[in-house]
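>>> sharing a model that was predicted from the sequence below.
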Amino acid sequence: MTNKNIRLTQTVKGAGCAAKLAPGDLARALCGLDLPVDQNLLVGLDQADDAGVYRVSDDVALVQTIDFFPPMVDDPYSFGQIAAANALSDVYAMGGTPKTAMNIVAFPSKTMDISVLRTIIDGGLSKMREAGVVLVGGHTVEDSELKYGLSVTGYIHPNRILTKKNLQTGDYLILTKPLGTGIVSTAIKAGMADQSLIDRVTLAMATLNREAALVMETFSVHACTDITGFGFLGHLAEMVVDSGHGVRIRSALVPMYSEALEWADMGLIPAGTYNNRSFRGAFVDFDTNVPQRVQDLLFDPQTSGGLLIAVAANEAVKLVDALKAKGIDAAAIVGEVVAEPVERIVVE
Amino acid sequence: MINDLDCRGMNCPEPVLHVRNIIIKESPASLSVLVDNEAACQNVCRFFEHQNFQVITEKLGTEFRIVGTRVDVAKVPEIPFPAVAVKELRVGVKKIMVLVTSDYMGHGDDGLGDMLMFNFLKTLKEMGPDLWRLVFVNRGVSFTAEGSEAVPILQELAGEGVQIFACGACLAYFHILDKIQVGEITNMLDIITGMKLADSVITI
């Protein structure tokens, strides 16, 4: 048992695959529960947003979130980085600044060398340092399968919370990272991805959404979310539901890993993709010319995906340019908010 | 009957990998696979189809049996294509988008430019079925509006299945939004989507 030879994705059942509880199941578990009420809870469970927000004073609110999952890449250090970037992302998507974090770990110490855990946490710490976040503690349990993530707390001004709601007709939608990490993770697990692609996708997943969040602060952004387990269309559906608006997506403009498109044709598709489609497919009208493989990627569960930003149309091109100037090369306008049809996602 | 390949209890991507291995090693004429979840079923179906197998699935309670049968490519019957459908679909080899940004062609003499542009639009149909989309912006939108001699030419192109678009902001700028006679009103995002979808874009 050494650090060097272990392939983390071979030690777990679900990588991108089955990591997240199917969204329909989660909705059934939470539906109708009696949630405590507090007027300082500005964003809570009922809104299904990226993170919870609690007002401490007129100027300060706490942003809190937690995320953890089994490994989707084989390298422990990269896994730590990706899990941390993924957990921090929810705070950025709310427009907040992460400040503290706690490790959450499930570790199979009987079958895996403890040095693997050290390397994972070291990877996580590298991202916390980059984000200016301090590690304040954590909790580790023995488990048959490895899982790692963070609970993150940040600050935000109570009047500057960026939620999923507040789409406005005419807004353009901007996505900051390519889609397809779920399918790529499945291909990695299958041993079919070459190293250069693994490196490229690993780097993208380990990239913090911090720069993107800093850039968008200076633009007229109306709504934002980050794309993770429910997939692009799943998270977009959360923006559209009860918004009083509809959305038109130009699938040809959505950044995607071309290799993932090929693997979709071959059936290397994580179960999460099908779950996302059956949960949110009812909101989506696909134009007949949108290929099946593209539809798959639009529902593909993402690990540490990009931000999806709704911005005033006249600022959209400038925002994309500003994102690209910060090295966020994949940033692209992918659609627009429309008045009709209400609460539908039309994909062309 | 061939034995089932038992992929029950397997998570993605294992069923697909097992099927793939057997197809590579044994190249069977047909293969029957048993899986116990919907995702695995769909993935195995796709893999079969990707490998040119014909697929039949059968639901057995909570399980699925998928039978893939190799299709001999040479023997695939040609699906008859109704002539009218060919016309509607515009089966060009390429998708060419032509972006018309002005009401005259080239610089030098505007009168000559007018004539050239009109002649260009008249002759454009010679591009054949590869001509996919014709987009008018700036002064170019005047060709789509009442009073332009180009309207019947564009209507003819539209009748042949060429998609014709006029920039809405431009029509509004020149106060002819309500005068449009041919084509659909478009916006910048549509234009950019078109540029991305097109195999080539020609700007006039």
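Arrived safely. Quantities reported herein were computed from a predicted structural model and do not represent experimental measurements.
>>> who touches residue 6 in this structure?
No chain was given, so I picked chain A. A:74, A:76, A:112-113, A:116 (C-beta atoms under 8 Å, 6 or more residues apart in numbering or on different chains). (C-beta placed from N, C-alpha, C; glycine too.)
>>> that's the other chain; I wanted chain B
By C-beta under 8 Å, 6+ apart, the neighbours of residue B:6 are residue B:34.
>>> please enumerate the helices of the stretch 101-250 of chain A.
With DSSP state H, counting those that start in this stretch as the criterion, the stretch 101-250 of chain A has helices at A:114-131, A:181-189, A:195-206, A:210-216, A:231-240.
>>> what number of residues lie near the closest residue to residue B:18 other than its chain neighbours?
Using C-beta to C-beta, 6 or more residues apart in numbering or on different chains and skipping residues adjacent in sequence, the residue nearest residue B:18 is residue B:7, 5.7 Å away. Per other C-beta atoms under 10 Å in any protein chain shown, the neighbour tally for residue B:7 reads 23.
>>> need the pLDDT of residue A:2.
pLDDT recorded at residue A:2 is 47.
>>> need phi/psi at residue 47.
No chain in the question, so chain A it is. phi -90, psi -10 (degrees, to the nearest 10).
>>> surely it meets residue A:166?
No: if you go by C-beta atoms under 8 Å, residue A:47 and residue A:166 don't touch, sitting 11.8 Å apart.
>>> find the nearest non-adjacent residue to residue A:30, please.
residue A:45 (6.8 Å).
>>> so what's that neighbour up against?
Residue A:45 neighbours (C-beta under 8 Å, 6+ apart): A:30, A:35, A:52.
>>> picking that back up, restricted to buried residues, select the contacts of residue A:6 in PyMOL.
Buried residues within the contacts of residue A:6, by 16 or more other C-beta atoms under 10 Å in any protein chain shown, are selected in PyMOL with:
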select buried, chain A and resi 74+76+112+116
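>>> ok, so of the contacts of residue A:6, who is nearest chain B?
residue A:74 (14.8 Å; C-beta to the nearest C-beta).
>>> most neighbours out of the contacts of residue A:45, which is it?
Within those, most neighbours by other C-beta under 10 Å means residue A:52, with 19 neighbours.
>>> re the thing from before, which of the contacts of residue A:45 fall within helices?
Among the contacts of residue A:45, the ones falling in helices (DSSP state H) are residue A:30.
>>> got JSON lines for the contacts of residue A:45, with pLDDT too?
Formatted as JSON lines, these follow (pLDDT from 0 to 100):
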{"residue": "A:30", "pLDDT": "82"}
{"residue": "A:35", "pLDDT": "84"}
{"residue": "A:52", "pLDDT": "93"}
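>>> could you count how many residues lie near residue A:137?
Neighbours around residue A:137, by other C-beta under 10 Å: 9.
>>> beta partners for it?
Residue A:137 has the following beta-bridge partners by DSSP bridges: residue A:102.
>>> next one, pLDDT for it please.
Here the pLDDT value assigned to residue A:137 is 95.
>>> ok, it touching residue A:105?
No: in this structure, residue A:137 is not within contact of residue A:105 by C-beta under 8 Å, at 11.5 Å.
>>> in the host helix or strand of residue B:68, what's buried?
For residue B:68, the host element (DSSP states H and E) is strand B:63-70. By neighbour count on 16+ other C-beta under 10 Å, the buried set for strand B:63-70 is B:64, B:66-68, B:70.
>>> chain center to that strand, what's the gap?
31 Å (C-alpha atoms, centre = their mean, to the nearest Å).
>>> partner strands of it, parallel or antiparallel?
strand B:30-35 (antiparallel), strand B:53-60 (antiparallel).
>>> list the contacts of the first one.
What that stands for is strand B:30-35. B:1-8, B:10, B:15, B:18-19, B:22-23, B:41, B:44, B:48, B:53, B:63-70.
>>> next secondary structure after that strand?
Sequence order places helix B:38-50 as the next helix or strand after strand B:30-35, per DSSP H and E.
>>> how about that following helix: buried residues?
Those would be B:39-50, for helix B:38-50 by 16+ other C-beta under 10 Å.
>>> export that helix as PDB, just CAs?
C-alpha atoms of helix B:38-50 as PDB (Å, rounded to 0.1, in the frame of the first residue of the first chain):
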ATOM      1  CA  GLU B  38     -32.100   1.900 -15.900                       C
ATOM      2  CA  ALA B  39     -28.800   3.800 -16.300                       C
ATOM      3  CA  ALA B  40     -26.900   0.600 -17.100                       C
ATOM      4  CA  CYS B  41     -29.600  -0.400 -19.600                       C
ATOM      5  CA  GLN B  42     -29.500   2.900 -21.400                       C
ATOM      6  CA  ASN B  43     -25.700   2.900 -21.500                       C
ATOM      7  CA  VAL B  44     -25.500  -0.600 -22.800                       C
ATOM      8  CA  CYS B  45     -28.100   0.200 -25.500                       C
ATOM      9  CA  ARG B  46     -26.100   3.200 -26.600                       C
ATOM     10  CA  PHE B  47     -22.900   1.200 -26.700                       C
ATOM     11  CA  PHE B  48     -24.500  -1.400 -28.900                       C
ATOM     12  CA  GLU B  49     -25.900   1.200 -31.200                       C
ATOM     13  CA  HIS B  50     -22.500   2.900 -31.400                       C
END
